[in-house]
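Visitor: Quick check, what structure comes out for this input:
(4 chains)
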Number of protein chains: 2
Amino acid sequence: MTNASTGLRARRRQELLAAIRTAALEELRRSGAAGLSLRAVARDVGIAVSALYRYFPSRDELLTDLIVAALDEHADAVEAGGAHEDVADALRGVWHAYRAWAVAHPAEFGLAYGTPVPGYVAPAEGTVRAGTRIGRFALGLLARANAEGRLDPDTLHQRADRLSPGTAEQLETWSARHDQQVPTEVLAVWLDLFVRLHGLVSMEVFGLLRPVTPDAAPYVAEVVDAELAALVRPRGPRSAPARPTAGSC
Amino acid sequence: MTNASTGLRARRRQELLAAIRTAALEELRRSGAAGLSLRAVARDVGIAVSALYRYFPSRDELLTDLIVAALDEHADAVEAGGAHEDVADALRGVWHAYRAWAVAHPAEFGLAYGTPVPGYVAPAEGTVRAGTRIGRFALGLLARANAEGRLDPDTLHQRADRLSPGTAEQLETWSARHDQQVPTEVLAVWLDLFVRLHGLVSMEVFGLLRPVTPDAAPYVAEVVDAELAALVRPRGPRSAPARPTAGSC
DNA sequence: CAAGTTAGAGAACAGTGCTCTCGACAAGAG
DNA sequence: CTCTTGTCGAGAGCACTGTTCTCTAACTTG
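Guide: All right, here's what the predicted structure looks like:
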């Protein structure tokens, strides 16, 4: 009896698996997804290439593993950033955490959300769960804000007015599949927010903003301020005076 | 004297170059940028691999050539879509042409705007010219709209109010370098529009919207309608009545 | 302790980008 | 028309890639 329950072999396996993941991540940062070489990983870890195949059946599976890990890490960061009592603070925290993680981990971000590879489709098992965590979390926050009456009624009305039937149907299908009970206009606002957030962040991380705004931080802050100011109203008094609706005078 | 001015060799060279580009593009669509194999291209064209190096000094240069071609094609499509007398129509045309080309050419779009590869940076020669064409064209349109008094004053004022000094400075630096004479708030609105457009389109092309909206077309139409409705006012009467400003009652 | 299982090493295969050399042929000069 | 010059394409070869196979050593279990 060498070791209680784990066994010597099982423990070494866990250690090596972790070492492989670390080395692969470093290799990913250095050479990108396309340049990730199993031989380089094996060299870093200090084992033969063929030994890698005891842990991952192929290079694609290794990449999938890294994708799931990246998505989960990103979701962890976002959920941590959204841990505020006040929903406005929570939403702002989500936004900044989303961007902060992306900027700090460009290689992982690119791997998880970047250009799709024609041949490869991430197997749905782990990726869908991890990939929708952030979306579901954000929607939960918006649902809470709505329940607390913190969403600006004017903004919601205007959003409902310009909501097309096609979009409404698809949003409701999605929300039904994830059994979220949220009014359709809140779903629409959620999608707007999410697209704006991810679109902006991905453009920054992929370097598309660099020619115009080499330092995108102030611009990002502007956008989130404007977006949240229009959507969620301050906690203050119970019944805030409604904004002047167009045509009310 | 075999041929007038071109010469037999020069003509064959042009033909082969075109054939290589076509084959490379097809190969790109099939296997993505990472999987683009010079040997496969050579096989398609019907020449030896080494002969390819008479036309492109390396695989990266071939990819750069494809990137520049994609950027130029995209810009051509956008400029064609923006060829309307009325600026509102022009801006709407730009938006839809931008998306239509991207959706029709996902591989090229991903190559030009997708995940950056750590080792590789596109040599600035051709790429900056082609890469900024769309941006400069769109800004020109906004400048024209502004000169014609078609931009909503309220929207511009609000945008100017929430413009941060950092963003303003970077925008002015960019506009000075491209000698565009445009008020800063118009620059800010231009950046907003561009980020919203590209962010949305890239999310659709990269498949990030598919779980929520499998058919993103109606959503895209919604967004462009809302964005343009808020920004540019109809051609109609010369002095349209200003919208009720917050606190005006 | 012996049998059985598993982990790792090494060789080998087909594929890759890239370089070099060599024969063929068009282009221009005399 | 001939001869030199320069280009073009082919082929072999190098170092690298992912993947599979076989074989040995060592842990695990009865």
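
Visitor: Please tell me how far the most centrally placed residue in chain A sits from residue B:202.
Guide: A centroid search over chain A (Cα atoms, centre = their mean) returns residue A:134, at 4.8 Å, as the residue closest to the centre. Separation of residue A:134 from residue B:202 (Cβ to Cβ, to the nearest Å): 17 Å. Glycine gets a C-beta too; all of them are placed from N, C-alpha and C.

Visitor: quick revisit: who are the packing partners of the helix or strand harbouring the residue nearest to the centre of chain A?
Guide: According to DSSP states H and E, residue A:134 maps onto helix A:124-147. If contacts are counted by 3 or more Cβ pairs under 8 Å, 6 or more residues apart in numbering or on different chains; DSSP states H and E, helix A:124-147 sits against helix A:59-81, helix A:87-104, helix A:184-205.

Visitor: what about the following helix or strand past the shortest one, near chain B?
Guide: Taking DSSP H and E as the definition, the helix or strand that follows helix A:87-104 towards the C-terminus is helix A:106-113. Yes. Between helix A:106-113 and chain B, judged by Cβ under 8 Å from any Cβ of the partner chain, the touching residues are A:107, A:110, A:111, A:113.

Visitor: what pLDDT, on average, does helix A:106-113 get?
Guide: In this model, helix A:106-113 has a mean pLDDT of 97.

Visitor: What of stretch A:14-33?
Guide: 97.

Visitor: contacts for it?
Guide: For stretch A:14-33, the surrounding residues in contact (Cβ atoms under 8 Å, 6 or more residues apart in numbering or on different chains) are A:35-37, A:40-41, A:44-45, A:47, A:52, A:55-56, A:62-63, A:65-66, A:69, A:107-108, A:110-111, A:114, B:34, B:115-119.

Visitor: among those, which ones are buried?
Guide: A:36, A:40-41, A:45, A:47, A:52, A:55-56, A:62-63, A:65-66, A:69, A:107-108, A:110-111, A:114, B:34, B:115-118 (16 or more other Cβ atoms under 10 Å in any protein chain shown).

Visitor: Dump the residues of helix A:106-113 next to chain B to CSV, plus distance to DNA strand C.
Guide: Formatted as CSV, the residues of helix A:106-113 next to chain B follow (distance: Cβ to the nearest atom of the strand, whole Å):
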residue, distance to DNA strand C
A:107, 21
A:110, 21
A:111, 21
A:113, 26
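
Visitor: Let me know the next secondary structure element after the helix holding residue A:134.
Guide: That would be, after helix A:124-147 and using DSSP H and E, helix A:153-161.

Visitor: and that next one, what other elements does it pack with?
Guide: Using 3+ Cβ pairs under 8 Å, 6+ apart: helix A:153-161 touches helix A:184-205.

Visitor: gap between the helix it packs on and the chain center?
Guide: Averaging C-alpha positions (Cα atoms, centre = their mean, to the nearest Å) puts helix A:184-205 11 Å from its chain's average.

Visitor: Can you name the element that comes right after it?
Guide: helix A:217-231.

Visitor: between that following helix and helix B:184-205, how many degrees?
Guide: Counting by axes from the mean of the first three to the mean of the last three Cα atoms, to 10 degrees, helix A:217-231 lies at 80 degrees to helix B:184-205.

Visitor: And for helix A:217-231, what's in contact with it?
Guide: A:88, A:91-92, A:95-96, A:99, A:151-152, A:155, A:189, A:193, A:196-197, A:200-201, A:204, A:209, A:213, B:162-167, B:170, B:191-192, B:195.

Visitor: Excluding residues flanking it in the chain, which one is nearest residue A:69?
Guide: residue A:21 (7.0 Å; Cβ to Cβ, 6 or more residues apart in numbering or on different chains).

Visitor: Run a quick neighbour tally on that neighbour.
Guide: 18 (other Cβ atoms under 10 Å in any protein chain shown).

Visitor: measure it to residue A:52 for me?
Guide: 12 Å.

Visitor: Residue A:38 now?
Guide: Look at residue A:38 and residue A:52: by Cβ to Cβ, they are 6 Å apart.

Visitor: quick one: common contacting residues for those two?
Guide: Common neighbours of residue A:38 and residue A:52, using Cβ under 8 Å, 6+ apart, are residue A:62.

Visitor: so what's residue A:206 up against?
Guide: Residue A:206 touches A:110, A:114, B:113, B:114, B:115, B:116, counting by Cβ under 8 Å, 6+ apart.

Visitor: what sits against the fourth one?
Guide: When contacts are counted by Cβ under 8 Å, 6+ apart, residue B:114 touches A:114, A:115, A:206, B:33, B:202, B:206.
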